[in-house]
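>>> Here is my input; please provide its structure:
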Amino acid sequence: MDFSQVPLLSIITYTPLAGVVLLLFPFFQGRDNAVRWVANIVGLIGFIVSLPLWFSFDRSAQGFQFQERLEWIPGIGVSYHLGVDGISVLLILLTTLLGAIAILSSWTAITQRVRQYYIFMLLLQTGMLGVFCSLDMFLFYVFWEVMLVPMYFLIGIWGGPRRLYAAIKFFLYTLVGSVVMLLGILALYFKSKELLPQFAATGTFDFTDWVRMGIPADLQFWVFLAFFLGFAIKVPMFPFHTWLPDAHVEAPTAGSVILAGVLLKMGTYGFIRFSLPLLPDATLKAVPWMVALAIIGIVYAALVTLVQKDMKKLIAYSSVSHLGFCMLGMFALNPLGLEGSVLQMINHGLSTGGLFLIVGLIYERRHTRLIADFGGLAHVMPVYATFTLIVFLASMGLPLLNGFIGEMMILAGAFAANRVWAYWAVSGIVLGAAYLLWLYQRVFWGQVTHEENRSLRDLNARELATLVPLVALCFCIGVYPAPFLSFLHGPAAQIANIVQPGRFVAAAAAPAPAPPVTTTLIHDQRIVPERVTEP
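Reported below is the predicted structural model:
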């Protein structure tokens, strides 16, 4: 089917919003089960309507596809401009999948203010999808801020004992970064009036126009700092990570899944979508300290994770370490590192989303997340223990699971740029295996240490439905990553050549199915995938 004449991105973005409008009808007041069914159906439809992106996206074409452009506020150069490339497509599909799973996981966990909860969940979904679709920076900023409000309420109303503190801390951190980022956006907007004669009267917020206008190097530095603060807080990079453990610990399970699986990727996406192609000179100058912060985040967060007593806080700090890998691969500034960075964003969303689901499942049964309150659960809940082990192994990067592919690509990209970076990053993998295996040993192995754990029931069908898709995708990416990487060849090569013109061989995105990758040649820090030609 040809989707070129269909406003597919608008349909994907606003399907959850249609669910919000439906749930606002008075009929649903006090009908909690009806609200749950409607929210889950809308979440599933949201995932289904995003699937055409996987099948209809032309992976061999350059540039943005499925573009929609309408004049919105012409007096100040604002347009409703949506479009996606391979990076956006994978993140949109991750968002719709995790959104549907998070909504399903809330069926029994949320018993108070059920209608309001699902309204905020669906509104959050709309904000996140809009961020990944927007090519107009004014529109991007609107969606960026829209996303902030529902997450604040999800933590502040349905969170744990310190929910108000965590919600306010999350809101203030993110708002500070957003306001500074807005200053950078406005600086580029006013510069467009000078550098683009066709927009001398109105200016433009369009990202595609900004890429072509050639931003002066001195302005690039200040705009990069403004964007850095907004995106680094969202990642979060060291030392802006302190809001994340509090938010994760206090958020409801579904909130943690979305926060770790999607919201944190908005920061890394902001860097790779806007900072690198718009500000190449500033990006090159920023590489040493960006890489330093990424490596500190990898090692420091992994060490802090080793001493945590709360399972949710342990996983939260592990996210800081894993996203440090994404930033390291990105600022290696070669195609392999960039591809590995984006793939690792997807991998982190799947594995860490699964980790928070796993903790939420046991919390519903025992109402505690303290590691000391468990032991020997493999005897009582063998199915639960099996799924937990698979997700743990995926998170630590075991071969044949998704984490291994992303980490190896990032390490190869970092090694090609500067082998010392790779040496430091390897320690994060070792520490990751240490804290995850230690956690598994204390919770699942040995004898049952608390009488309350002997009567725990194993996973039911609904709970299996939330975990099976994530585990299946972990194996799919780990065994055969080519269909996912084929989305990234073109965008990664294009961004690398914008930042360092002429240094890398430009590679067009390979049509699916991609030929098998047999080896990677590294010559003078050039990374070119060599592909087999069938005889």
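>>> count of residues packed around V479?
Residue neighbour count, defined by other C-beta atoms under 10 Å, stands at 12 for V479. Where C-beta positions appear, they are placed from N, C-alpha and C, glycine not excepted.
>>> again with the one 10 residues further on
Summarising burial for H489: neighbours were counted as other C-beta under 10 Å, giving 20.
>>> L263 contacts K234, doesn't it?
Yes - shown here, L263 and K234 form a contact pair, counting by C-beta atoms under 8 Å, at 7.1 Å.
>>> Give me the contact list for the helix or strand encompassing M266.
Using DSSP states H and E, M266 maps to helix 264-270. Applying C-beta atoms under 8 Å, 6 or more residues apart in numbering, the contact partners of helix 264-270 are 87-88, 91, 94, 128, 131-132, 144, 147, 227, 230-237, 244, 319, 323, 326-327, 330, 341, 345, 348-349.
>>> From G353, how far off is the residue sitting nearest the centre point of the chain?
Centroid-nearest residue in the chain, with C-alpha atoms, centre = their mean: K265, separated by 2.8 Å. For K265, the distance to G353 equals 11 Å [C-beta to C-beta, to the nearest Å].
>>> Flag every buried residue along stretch 296-307.
297-305 (16 or more other C-beta atoms under 10 Å).
>>> wait, which of these is closest to V380?
Relative to V380, the closest of those is T305; by C-beta to C-beta it sits at 25.9 Å.
>>> can you pull the contacts of that closest one?
314, 317-318, 321, 431, 435.
>>> Counting neighbours, which of those residues comes out on top?
Neighbour counts for the contacts of T305 (other C-beta under 10 Å) peak at S318, which has 28 neighbours.
>>> What strand or helix carries it?
Here S318 sits within helix 311-330, counting by DSSP H and E.
>>> Dihedrals phi and psi, the residue nearest to Y384 when sequence neighbours are not counted?
The spatially closest residue to Y384, leaving aside those adjacent along the chain, is L459, at 5.3 Å (C-beta to C-beta, 6 or more residues apart in numbering). Note on L459: backbone dihedrals following degrees, to the nearest 10 are phi -70, psi 140.
>>> per-residue confidence for L459?
Note on L459: pLDDT of 87.
>>> which residues sit in contact with it?
361, 381, 383-384, 387, 467.
>>> And these, which is closest to I73?
Closest to I73, out of all of the contacts of L459 and judged by C-beta to C-beta, is L467, at 44.6 Å.
>>> wait, isn't that closest one in contact with L357?
Yes - L467 is within contact range of L357, at 6.3 Å (criterion: C-beta under 8 Å).
>>> shaky segments in the stretch 1-150 of the chain?
In the predicted model of the stretch 1-150 of the chain, residues 1-4 satisfy pLDDT under 70.
>>> can you give me the helices in it?
8-23, 32-50, 52-56, 86-105, 114-133, 137-158 (DSSP state H, counting those that start in this stretch).
>>> packing partners for the third one?
Taking 3 or more C-beta pairs under 8 Å, 6 or more residues apart in numbering; DSSP states H and E as contact, the helices and strands that helix 52-56 lies on are helix 8-23, helix 86-105.
>>> Distance to D373 and mean neighbour count added to those helices, as JSON lines?
Shown next, in JSON lines, are the helices and strands packed on helix 52-56 (distance: least, C-beta to C-beta, whole Å; neighbours: other C-beta atoms under 10 Å):
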{"stretch": "helix 8-23", "distance to D373": "36", "mean neighbour count": "20"}
{"stretch": "helix 86-105", "distance to D373": "21", "mean neighbour count": "25"}
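>>> Can you say which of the ones you listed is nearest to L183?
Closest to L183 of the helices and strands packed on helix 52-56, according to C-beta to C-beta: helix 86-105, at 24.9 Å.
>>> what packs against the helix or strand containing F228?
Assigning secondary structure by DSSP H and E places F228 in helix 217-234. Judged by 3+ C-beta pairs under 8 Å, 6+ apart, helix 217-234 is in contact with helix 163-195, helix 264-270, helix 280-305.
>>> Could you check the angle it makes with helix 280-305?
Between helix 217-234 and helix 280-305, the angle comes out at 20 degrees (axes from the mean of the first three to the mean of the last three C-alpha atoms, to 10 degrees).
>>> then helix 217-234 to PDB, C-alphas only?
Extracted in PDB, the C-alpha atoms of helix 217-234 (Å, rounded to 0.1, in the frame of the first residue of the first chain):
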ATOM      1  CA  ALA A 217      31.300  29.200  14.300                       C
ATOM      2  CA  ASP A 218      31.100  31.700  17.200                       C
ATOM      3  CA  LEU A 219      27.300  31.400  17.400                       C
ATOM      4  CA  GLN A 220      27.600  27.600  17.100                       C
ATOM      5  CA  PHE A 221      29.500  27.500  20.400                       C
ATOM      6  CA  TRP A 222      26.800  29.300  22.400                       C
ATOM      7  CA  VAL A 223      23.900  27.400  20.700                       C
ATOM      8  CA  PHE A 224      25.700  24.100  21.400                       C
ATOM      9  CA  LEU A 225      25.900  25.000  25.100                       C
ATOM     10  CA  ALA A 226      22.200  25.900  25.200                       C
ATOM     11  CA  PHE A 227      21.200  22.700  23.400                       C
ATOM     12  CA  PHE A 228      23.700  20.700  25.600                       C
ATOM     13  CA  LEU A 229      22.000  21.800  28.800                       C
ATOM     14  CA  GLY A 230      18.500  20.900  27.500                       C
ATOM     15  CA  PHE A 231      19.500  17.500  26.100                       C
ATOM     16  CA  ALA A 232      22.100  16.500  28.700                       C
ATOM     17  CA  ILE A 233      19.600  16.900  31.500                       C
ATOM     18  CA  LYS A 234      17.200  14.700  29.700                       C
END
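>>> Flag every buried residue along it.
By neighbour count on 16+ other C-beta under 10 Å, the buried set for helix 217-234 is 219-220, 223-224, 226-234.
>>> what's the offset of it from the middle of its chain?
20 Å (C-alpha atoms, centre = their mean, to the nearest Å).
>>> what does that helix contact?
By C-beta under 8 Å, 6+ apart, the residues outside helix 217-234 that reach it are 173-174, 176-178, 180-181, 183-184, 187-188, 191, 215, 240, 243, 263-264, 266-268, 270-271, 274-275, 278-283, 285-286, 293.
>>> Give me the buried entries from the residues you listed.
Here, 16+ other C-beta under 10 Å leaves 173-174, 177-178, 180-181, 184, 188, 191, 215, 240, 243, 263-264, 266-268, 270-271, 274-275, 278-283, 286, 293 buried among the contacts of helix 217-234.
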